[in-house]
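# model this:
(2 chains)
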Amino acid sequence: MTSAAPSPHDLELLSITKNFDSFTAVDSINLKVGRGEFVAIMGPSGCGKTTLLRILAGLETASSGQLYIRGKDVSDVPVNLRSTRLVWQNYALFPHLDVAGNIAFGLTLKAHDKAIVAGKVKAMADLVGLSDLMGRKISQLSGGQKQRVALARALVTEPDILLLDEPLSALDAHLRIRMQGELRRIQKQLGMAFIYVTHNQVEAFSMADRVVVMNKGHIEQIDAPEDMYARPKTEFVARFVGTNNLFPGRIQEIGHGKAIVHCAHGQVQVSTDDPPPVGTGVFVVVQADKLKPAPTGVAGENRLEATVRGREYAGSHNIYLLDLVDGTEVKMTLPQVLPLEINQPTTIWFSPAHAALIRGAA
Amino acid sequence: MATVSKGNPWIFFGRLWLGIAYAFMFLPLAVLVLFSFQKNRFPGFPLQGFTLQWYDKLFSDGTLLNALGNTMIVSPAAATVATAIAFFAAYAFNRFTFRGKTTFLALVTLPILIPPLILGVGFLGLLARIHLSGTLFAVFLTHVVLITAPALAIIQLRLAQMPASLEEAAWDLGATEWQTVVKVVLPFAMPGIFGAWLLAFTFSFDEFIIAWFVSGFQPTLPVAIYSVLVAAIDPSLNAIGTIVFGISCLVLIGLELVLLPLLIGKPEKQS
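Now for the predicted structure:
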């Protein structure tokens, strides 16, 4: 869209802050989004993710900070002149227009040639799979179809960046998974940067190149989904993402690529290249599916004595709830073929390589 | 429902009662229409035969028709101006929060709450001072003041159903504020605007008291009817009454078709 010097980033946020009276909804956010990158912003409700998205769209003005789109400062550009488009959670389709009218809305504002508009609308309808519904009224569409219209209406104007605000949350589970795949396909096909706000971890992790986790207006962590999952960097992320067990403790010894952590239930070893100094308060993070029943008759590290307290059936696997000797609650997922007996003592185990350290415990 | 049988006397009396109530409401209208086509000088039986003489008298005399003409100028004009004001006011109330919003809304609604007699006296004094009393324009002005409030209420009702994201979506797609109002808000509000216009028109059409005070030598229809009625009982009144009834029916059918679905709610499913 712009002919300015190409920037390696589609979007760049420099300490964007938004205050509502005394409440800081968005707290000095720094974020760079590469060309054609799919970034998911995730967090609990009220974490400021939607406010941030509205700032990007120009529907809210940041209290301070700069916003660049393809290297151009757009901090003061009003919403209708921004090269961003927003897809709403409730779709916000125009009820008085039919499907074709909705898709064409943005184009007709600029008095293009009618034939060109019609051509673009048709091409976009093909892309999102709406070709057979062009004359339908909005009230006659299903949720998934409305979602496609909202998407087409935004994409047909060829924005630099597409912003999506929980676009799939109103759809049923089956349709949601299908639309995830399609969103990803369309995004790849167009090579357009997508900023996708959601509170749904599965959506964020399955679609995004990078995931941003927000909490109380600030960014907790930015990482690729695998890294976010395997190596959460803060206590908040560790508790918010995946099913993690957090053991508070203190670094007792470091060396040989390992740290020995003293926890309430005993010592555990964690593999790490960059251990915090001895005496630091930490959390040892172990994912529920990295815990295993310990092999019998073999001595080894990270063996935890526990009692099985309960079992949740989760289809292909079970989620077991266990108590450690000091009362710490632990979650462990096991395949159905490896059953544990309830109320029986057992020994569980995890590899030092499968644990991560987070600074911060008392 | 299941216990109701055909022979239940309560049902019979209920239906009878309903019939009586309806007869009470509509018999006068039926009599009015009937005697506008009868030779009788006074409404009473026996009927003396079909005639169009009262319509003939009405059309040749011209007083009442002239008044109907006045009304047909004033009421649509007042309804149109009031609806336009009401739309923009409703839009502002719906979209913005500003200081004195409640006060402002109360001030717009006030004229409909003041007894028209008081309002009429007030208008007469004011309009006389600015040399406008006794004109059709005066009736127009006072009616605009009076009927803006109900028009506003109806349009506001409609606009309140519009999700804020609809306007935001239009801006986001590149529309200016004005384009958004024209291309999105106005079409959305249209059923409300249409209903508001019809209601405002009806209010103005049969408004008598204020018009009586300010219309002077250019009476509107209700004022003219009253003047004729004071002089003598004239079967021409039945004729004009029938014509007005016909017009009212058309307007009311329009109202029912447009306004009632709006009030009872046939909301577009948005989410």
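# Tell me the residues on the stretch 101-250 of chain A that lie near chain B, please.
Residues of the stretch 101-250 of chain A lying near chain B by C-beta under 8 Å from any C-beta of the partner chain: A:105, A:106, A:109, A:110, A:138, A:139, A:153, A:154, A:157, A:170. The C-beta positions use only the backbone N, C-alpha and C, and glycine is treated the same way.
# who wins for neighbours among those residues?
The most crowded member of these, judged by other C-beta atoms under 10 Å in any protein chain shown, is residue A:153 (30 neighbours).
# a helix runs through that one, doesn't it?
Yes: under DSSP: H, G, I helix; E, B strand; the rest coil, residue A:153 sits within a helix.
# ok, back up a step: the residues of the stretch 101-250 of chain A next to chain B in helices, which ones?
A:105, A:106, A:153, A:154 (DSSP state H).
# quick one: the last one and residue A:161 touch, right?
Same thing as residue A:154. No: contact criterion C-beta atoms under 8 Å: residue A:154 and residue A:161 do not qualify, at 10.3 Å.
# any shared contact partners between the two?
Counting by C-beta atoms under 8 Å, 6 or more residues apart in numbering or on different chains, the residues touching both residue A:154 and residue A:161 are residue A:85.
# For residue A:285, what are phi and psi?
phi -110, psi 120 (degrees, to the nearest 10).
# Tally up the residues packed near it, please.
For residue A:285, the count of nearby residues is 25 (other C-beta under 10 Å).
# on that earlier part again, now for the residues of the stretch 101-250 of chain A next to chain B: which two are most distant?
A:110 and A:170 (30.3 Å; C-beta to C-beta).
# Can you mark which positions in the lengthiest helix in chain B are buried?
The helix that spans the most residues within chain B, counting by DSSP H, is helix B:63-95. Across helix B:63-95, burial judged by 16 or more other C-beta atoms under 10 Å in any protein chain shown covers B:63-65, B:67-68, B:70-71, B:74-75, B:77-79, B:81-83, B:85-87, B:89-91, B:93-94.
# can you list contacts of stretch B:51-66?
Applying C-beta under 8 Å, 6+ apart, the set of residues contacting stretch B:51-66 is B:36-39, B:221, B:224-225, B:227-228, B:235-240.
# hmm, back to that, so for the longest helix of chain B, mean pLDDT?
With pLDDT averaged residue by residue, helix B:63-95 scores 92.
# need the helices for the stretch 101-250 of chain B, in chain order.
Here the stretch 101-250 of chain B has its helices, by DSSP state H, counting those that start in this stretch, at B:101-113, B:116-129, B:136-159, B:164-172, B:177-180, B:186-205, B:209-214, B:221-231, B:236-264.
# Now do the first one and helix B:63-95, the angle between them.
Taking axes from the mean of the first three to the mean of the last three C-alpha atoms, to 10 degrees, one finds that helix B:101-113 is oriented at 160 degrees with respect to helix B:63-95.
# could you say what helices and strands helix B:101-113 packs with?
Contact partners of helix B:101-113 among helices and strands, from 3 or more C-beta pairs under 8 Å, 6 or more residues apart in numbering or on different chains; DSSP states H and E: helix B:63-95, helix B:136-159.
# Around chain A, pick out the residues from the stretch 151-271 of chain B.
Counting by C-beta under 8 Å from any C-beta, the stretch 151-271 of chain B sits next to chain A at B:163, B:165-166, B:168-176, B:179, B:183-184, B:187-188, B:190, B:268-271.
# Which residue ranges of the stretch 201-350 of chain A form helices?
A:201-207, A:225-230, A:235-240.
# Would you format these as CSV with mean neighbour count and mean pLDDT included?
Formatted as CSV, those follow (neighbours: other C-beta atoms under 10 Å in any protein chain shown; pLDDT from 0 to 100):
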stretch, mean neighbour count, mean pLDDT
helix A:201-207, 19, 90
helix A:225-230, 17, 89
helix A:235-240, 20, 91
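# can you put those helices in a markdown table and add distance to residue B:127?
Shown next, in a markdown table, are the helices of the stretch 201-350 of chain A (distance: least, C-beta to C-beta, whole Å):
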| stretch | distance to residue B:127 |
| --- | --- |
| helix A:201-207 | 66 |
| helix A:225-230 | 75 |
| helix A:235-240 | 70 |
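# Could you say which one of those comes nearest to residue B:11?
Residue B:11 lies closest to helix A:201-207 among these, at 59.2 Å (C-beta to C-beta).
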